[in-house]
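Engineer: Predicted coordinates and the sequence they were generated for:
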Amino acid sequence: MQQFFKHHKIALISGLCILLFCHVQCSDGFLDKQPLSLDQTALANKKGVNAILIGAYSLLEGRGAGGSYENTTSNWSFGSIRGGDAHKGADPSSQPDINNIERYESNPTDNYYLGKWRTIYEGVVRANNTLKVLRLVQDMTEDEKKNVTAQARFLRAFYHFEAKKLWNNVPYLSDSLTDLNPKIPNNRDIWPDIVADLQFAADNLPETQDMIGRVNKWAATAFLAKAYMYQRKFAEAKPLIEAVLTNGKNSRGVKYQLNSCFQDNFNPATKNSPEAILEAQTSVNDGASGANGNSDVLNYPYTGGPGKCCGTFQPSQDLVNSYKTDVNGLPLINYSAEDVKNDEGIPSDQPFTPYTGQLDPRVDWTVGRRGIPYLDWGPHPGAAWIRNQAYAGPYSPKKNVYYKEQQGKFSDASSPTAVANNIKLLRLAEVILWAAECEAEIGDPDKARTYVNQLRTRARNGCYVQQPDGTPAADYYVDIYQTPWTSRTDALKAIRFENKLELAMEGHRFIDLVRWGIADTELNAYLAKESIKRVYLKGATFTKNEDEYYPIPQTEIQNSYVNGQATLQQNPGYK
């Protein structure tokens, strides 16, 4: 089978076509540009419609609408930084729009919101254009048309889902729109539209596809379950989740299963693994000067090691503390009472001994900390790789980083922070956590324990970060929950904490806290502790019902006026 997106040349051709008749232009407002004329019949053939479809797929990675950092579907700023996994990092002047995201002081004029919004809706329009042109195609079988239709409707659902979880009140764009400059209001709930698209995709996609990266029946089923989880419709989600866990296969026909090594989820050499349900495909060294690589190009240690730029996206002390374990190898209940020892304020040429207490081994596949091997780049040197320790702390991101031996192969030769490390849009571990959540909410709390224990067993039995002599790099000790769970409340608490440990730095934390309805208590408790260390967080507070969703970009509201009235209404709490 071919590697989907191994090279993006077809996508580039598609992009040219789309720009000719797309309803969205990057330099203007949302749906505010008249399309240039083009006879769509020129693309109304199997080759043409697949080129447009690949253009719709290309925005799964998030590089579009004239930007990159803010657009990425990894949601490193919108999900992880705002959720307390990490700080913006670098120094105060770098990427200043993220300062407001991190302090819950969002401004509708911030560029990060505008870039993300435009990329999402460009993806929607590309999916709709696929459907529109497909109606004119004569050289495809009905099964081929059904496959393309289902893929396009899945992508349309995915992009709307991205908008829904960040802004909540968003417009839905269907392929039935004929107005060349539509002004669609955001005054109704679009969950039914998202669910309808995902249901169609789940019902009509094949189990296997001819290219890696194309969505199949099981990926669509998993996202349908996710849509129900976000609506707290556990009875609808549960059978779908169980079907994915029992029968789900990737597009190559390989059954989903957890990787034995946690790190294999983040190693460029093992991308599209059996644990991957959907990944945004990336490539480098293909003549595109890094443009097809992962767009998280800021998130590397500063000046040294891989990338040699830019010191952004630094894990928080709270996150590191969360990996402490008790005498039974379980999460330490009062994990924040004492910090895991770090080297803040200690120059790299001065002695430092890392923390000697017990830790869940996932910490050192997630966080770069001094004295611990940073993949195969040698021990993390501490301050020498940190742009400003006093500002954002002593830690570096790790899940997005490539190995030294992969330099020039999985990293772009001309742009070393552009990497062929796919963005993990959904992996099996997250579905297992949904299964546990469903059991805790409407089923058997003790069955929820068995699901959580699958992830803890992998952490216990899998690979540990090792020193050059083969010994564990720290005192790693993690074990499963042995005592039966009988309480819904206790089960949910354990599941949510496992979610934090397993999915840290993957763009989920804030969004999950909101969907659980606990963002205010969790984040204000986080701020009370973390602001002592990171002084720029002092005075920051999270307000329920106001800070749970982001502001609609002001530019898009201004461009939505019809007869003196804006069709897009701002979210509560913003002006």
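Structural biologist: Good, I have the coordinates.
Engineer: following the helix or strand residue 54 falls within, which helix or strand comes up?
Structural biologist: Following DSSP states H and E, the helix or strand that holds residue 54 is helix 46-58. Reading on from helix 46-58 to the C-terminus, the next helix or strand found by DSSP H and E is strand 86-89.
Engineer: could you pull out the strands for the stretch 451-575 of the chain?
Structural biologist: Listed from the start of the chain, the stretch 451-575 of the chain has strands (DSSP state E, counting those that start in this stretch) covering 475-476, 561-562, 565-566.
Engineer: Ok, the chain next?
Structural biologist: For the chain, the strands identified by DSSP state E occupy 2-3, 86-89, 211-212, 276-280, 312-315, 358-359, 367-368, 396-397, 423-427, 475-476, 561-562, 565-566, in order along the chain.
Engineer: circling back: Throw the strands of the stretch 451-575 of the chain into CSV and include distance to residue 113, mean pLDDT and mean neighbour count, thanks.
Structural biologist: From N, CA and C alone the C-beta is placed, and that goes for glycine too. Below are these laid out as CSV (distance: least, C-beta to C-beta, whole Å; pLDDT from 0 to 100; neighbours: other C-beta atoms under 10 Å):
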stretch, distance to residue 113, mean pLDDT, mean neighbour count
strand 475-476, 40, 98, 16
strand 561-562, 19, 94, 12
strand 565-566, 16, 94, 14
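Engineer: Which among those is found nearest to residue 528?
Structural biologist: The minimum distance between residue 528 and the strands of the stretch 451-575 of the chain falls on strand 475-476, with 28.5 Å, by C-beta to C-beta.
Engineer: Adding distance to residue 269, write the strands of the chain out as TSV.
Structural biologist: Formatted as TSV, those follow (distance: least, C-beta to C-beta, whole Å):
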stretch	distance to residue 269
strand 2-3	14
strand 86-89	25
strand 211-212	15
strand 276-280	13
strand 312-315	22
strand 358-359	26
strand 367-368	19
strand 396-397	19
strand 423-427	15
strand 475-476	23
strand 561-562	51
strand 565-566	49
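Engineer: and residue 119, which of those strands is closest to it?
Structural biologist: In terms of C-beta to C-beta, the element of these nearest to residue 119 is strand 276-280, at 12.1 Å.
Engineer: what residue ranges in the chain score low on pLDDT?
Structural biologist: When the per-residue scores of the chain are filtered using pLDDT under 70, the ranges that remain are 1-39, 64-68, 180-181, 289-291.
Engineer: at 50 instead, please
Structural biologist: Confidence mapping of the chain against pLDDT under 50 gives the ranges 1-38.
Engineer: Where is the longest helix in it?
Structural biologist: With secondary structure taken from DSSP state H, the chain has its longest helix at helix 142-167.
Engineer: Which neighbouring elements make contact with the helix holding residue 54?
Structural biologist: helix 9-21, helix 111-134, helix 142-167 (3 or more C-beta pairs under 8 Å, 6 or more residues apart in numbering; DSSP states H and E).
Engineer: Would you mind giving the ones you listed as TSV with mean neighbour count and distance to residue 365 added?
Structural biologist: As requested, these are arranged in TSV below (neighbours: other C-beta atoms under 10 Å; distance: least, C-beta to C-beta, whole Å):
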stretch	mean neighbour count	distance to residue 365
helix 9-21	18	31
helix 111-134	25	28
helix 142-167	22	26
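Engineer: export those to JSON lines and tack on distance to residue 511?
Structural biologist: Converted to JSON lines, the helices and strands packed on helix 46-58 look like this (distance: least, C-beta to C-beta, whole Å):
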{"stretch": "helix 9-21", "distance to residue 511": "28"}
{"stretch": "helix 111-134", "distance to residue 511": "13"}
{"stretch": "helix 142-167", "distance to residue 511": "5"}
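Engineer: Could I get the contacting residues of the residue nearest to residue 433 when sequence neighbours are not counted?
Structural biologist: In this structure, residue 433 finds its nearest non-sequential neighbour in residue 499, 5.2 Å apart by C-beta to C-beta, 6 or more residues apart in numbering. Remark: with contacts taken as C-beta atoms under 8 Å, 6 or more residues apart in numbering, residue 499 is in contact with 433, 508, 512.
Engineer: Please name the residues that touch the second one.
Structural biologist: By C-beta under 8 Å, 6+ apart, residue 508 lies in contact with 75, 79-80, 83, 430, 499.
Engineer: any idea how far it lies from residue 316?
Structural biologist: Relative to residue 316, residue 508 is positioned 15 Å away (criterion: C-beta to C-beta, to the nearest Å).
Engineer: Run a quick neighbour tally on the nearest residue to residue 442 once chain neighbours are set aside.
Structural biologist: Nearest residue to residue 442 in three dimensions, chain neighbours excluded: residue 234, at 4.7 Å (C-beta to C-beta, 6+ apart). Using other C-beta atoms under 10 Å as the criterion, residue 234 is surrounded by 19 other residues.
Engineer: Quick check, residue 234 in contact with residue 448.
Structural biologist: No: counting by C-beta atoms under 8 Å, no contact exists between residue 234 and residue 448, whose distance comes to 11.6 Å.
Engineer: okay, and the common contacts of the two?
Structural biologist: Listed as contacting both residue 234 and residue 448 by C-beta under 8 Å, 6+ apart are residue 437.
Engineer: list the contacts for the nearest residue to residue 361 once chain neighbours are set aside?
Structural biologist: Setting aside the residues directly before and after it, residue 361 is nearest to residue 476 in space (C-beta to C-beta, 6+ apart), at 4.1 Å. Counting by C-beta under 8 Å, 6+ apart, residue 476 makes contact with 358-361, 464.
Engineer: Quick check: residue 476 vs residue 531, distance?
Structural biologist: 30 Å.
Engineer: give the contact list for residue 398.
Structural biologist: Going by C-beta under 8 Å, 6+ apart, residue 398 touches 266, 364-368, 374-375, 505.
Engineer: export the residues you listed to a markdown table and tack on distance to residue 178 and neighbour count?
Structural biologist: Listed next are those as a markdown table, based on distance: C-beta to C-beta, whole Å; neighbours: other C-beta atoms under 10 Å:
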| residue | distance to residue 178 | neighbour count |
| --- | --- | --- |
| 266 | 44 | 22 |
| 364 | 55 | 26 |
| 365 | 50 | 22 |
| 366 | 48 | 26 |
| 367 | 51 | 27 |
| 368 | 52 | 27 |
| 374 | 54 | 25 |
| 375 | 52 | 21 |
| 505 | 43 | 25 |
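Engineer: Which strands and helices lie in contact with the longest helix of the chain?
Structural biologist: Counting by 3+ C-beta pairs under 8 Å, 6+ apart, the packing neighbours recorded for helix 142-167 are helix 46-58, helix 111-134, helix 191-204, helix 217-230, helix 509-516.
Engineer: Between helix 46-58 and that helix, find me the angle.
Structural biologist: Relative orientation of helix 142-167 versus helix 46-58 (axes from the mean of the first three to the mean of the last three C-alpha atoms, to 10 degrees): 20 degrees.
Engineer: re the thing from before, for the helices and strands packed on helix 142-167, give me TSV that also has distance to residue 354.
Structural biologist: Formatted as TSV, the helices and strands packed on helix 142-167 follow (distance: least, C-beta to C-beta, whole Å):
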stretch	distance to residue 354
helix 46-58	42
helix 111-134	34
helix 191-204	45
helix 217-230	37
helix 509-516	25
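Engineer: Could you point out which of these sits nearest residue 559?
Structural biologist: Between the helices and strands packed on helix 142-167, helix 111-134 lies closest to residue 559; by C-beta to C-beta that is 10.8 Å.
Engineer: and that closest one, how far from the chain's centre?
Structural biologist: Chain-centre distance of helix 111-134: 18 Å, with C-alpha atoms, centre = their mean, to the nearest Å.
Engineer: Just the endpoints, please. Distance across stretch 244-253?
Structural biologist: 13 Å (C-alpha to C-alpha, to the nearest Å).
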